[in-house]
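Q: Give me a 3D structure for the following:
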Amino acid sequence: MATGRTTPDHRDAIILLARAGYGARGIVYLLVGGLAALAVFGQGGQTTGSRGALQRLMLAPWGDVLLGVMVVGLLGFALWRGIQAIKDTDHHGTDAKAIVIRFALLVSAISHAMLAVFAVSLIFTLGGSSGDSGGGSVDIASWLMSQSYGRWLVAAVGVALMGAGGAHEIKAMQTQFDRHFSMPTNIKYWAYPICRFGLVIRGLVFVIVGSFFIMAAYQLDPSEAGGIAEVLNTLRSQVFGQSLLVLAAVGLFAFGIYSLLEARYRRIDP
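A: Numbers count the residues shown, from 1 in each chain. Alright, predicted model coming up:
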């Protein structure tokens, strides 16, 4: 009898943590996109990545409590990403394309777990003054580079990220995310264009981040690896940089909305 009760409990707990994880990811991207947009219009924002967004959240009223909630969500998302990668809950398969996508899911699990650890360090003022300049990406690249065949591991992460970016584009163009959603038609009408735009922009960001990792592997220099903050700064330094930054900021904000919609409407089967 006890065994019959614990199995559904574990399943329900995973579903709850996954939904909290999608919500936490959504909040991070809303902050990243919003801060970048404010930076363009000179309203006190700044181009930053996930770590910088959490640092700004810490400055809000009850910031430590909010970060505590985010830690739970980020750890839940890391757990769910690991399950997606290992158990193939989305049925990607085992061909070359699927392996790249599932490896990218595993990388996502690790990066979100590290982001949760960073949030804990902020709560206990162990890392509150640390910068956001690619921190998580550089940490991952440094650790991988210290392992056997480290250069190739870093390159593999870069390829996986670029592959995941391409998968984002396909998912957006073909509206493949629809098969994972259980959403009322009246909400789809306005939500799906936002979801598609957010996926397109995040896919492009992933491709650029992946190229940073490949460059780090080529030069044997982990500091060449970068995250969202480096992508935004790179775009800003280009011709028509302000326009590109606005596009990226709005797209990342849209991806935040997409993540919040996933927290509510995504089908989750552990």
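Q: Show me what the helix ranked longest in the chain is packed against.
A: Ranked by number of residues, the top helix in the chain under DSSP state H is helix 2-40. For helix 2-40, the packing partners by 3 or more CB pairs under 8 Å, 6 or more residues apart in numbering; DSSP states H and E come out as helix 50-58, helix 63-87, helix 96-123, helix 241-265. In short, each C-beta sits where N, CA and C put it, glycine included.
Q: can you tell me which of those comes nearest to residue 229?
A: Of all these, it is helix 50-58 that lies closest to residue 229, at 6.2 Å by CB to CB.
Q: any idea of the mean pLDDT in the closest one?
A: The average of the pLDDT scores along helix 50-58 is 88.
Q: Not counting its neighbours along the chain, what's nearest residue 145?
A: In this structure, residue 145 finds its nearest non-sequential neighbour in residue 222, 5.2 Å apart by CB to CB, 6 or more residues apart in numbering.
Q: ok, that neighbour to residue 243 distance?
A: 32 Å (CB to CB, to the nearest Å).
Q: what about the closest residue to residue 147 other than its chain neighbours, which helix or strand?
A: Excluding its sequence neighbours, the residue lying closest to residue 147 (CB to CB, 6+ apart) is residue 153, at 6.1 Å. If you go by DSSP states H and E, residue 153 is part of helix 150-173.
Q: Just to check, the residue nearest to residue 147 is in contact with residue 146?
A: No - counting by CB atoms under 8 Å, residue 146 is not a contact partner of residue 153; they are 9.8 Å apart.
Q: So for these two, which sits in the more crowded spot?
A: With neighbours defined as other CB atoms under 10 Å, residue 153 and residue 146 compare such that residue 153 has more, 19 against 10.
Q: Contacts only, for the more buried one.
A: 144, 145, 147 (CB atoms under 8 Å, 6 or more residues apart in numbering).
Q: What is the burial count for residue 227?
A: So residue 227, with other CB under 10 Å, has 25 neighbours.
Q: One more: the one 3 residues further on?
A: Other residues lying near residue 230 total 21 when counted by other CB under 10 Å.
Q: got the angle between the helix or strand encompassing it and helix 50-58?
A: Assessed by DSSP H and E, residue 230 sits inside helix 228-236. On the basis of axes from the mean of the first three to the mean of the last three CA atoms, to 10 degrees, helix 228-236 is oriented at 110 degrees to helix 50-58.
Q: tell me what helix 228-236 is packed against?
A: helix 185-219, helix 241-265.
Q: pull the CA atoms of that helix into CSV?
A: Provided in CSV are the C-alpha atoms of helix 228-236 (Å, rounded to 0.1, in the frame of the first residue of the first chain):
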residue,chain,number,x,y,z
ILE,A,228,23.8,36.3,-22.5
ALA,A,229,25.6,39.4,-21.2
GLU,A,230,28.4,39.0,-23.7
VAL,A,231,26.0,38.4,-26.5
LEU,A,232,24.1,41.6,-25.7
ASN,A,233,27.3,43.6,-25.4
THR,A,234,28.6,42.1,-28.7
LEU,A,235,25.3,43.1,-30.4
ARG,A,236,25.5,46.6,-28.9
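Q: How about residues contacting that helix?
A: Helix 228-236 has contacts (CB under 8 Å, 6+ apart) with 32, 36, 47-50, 52, 132-134, 137, 205, 208-209, 212, 226, 241-242, 244-245, 248-249, 252.
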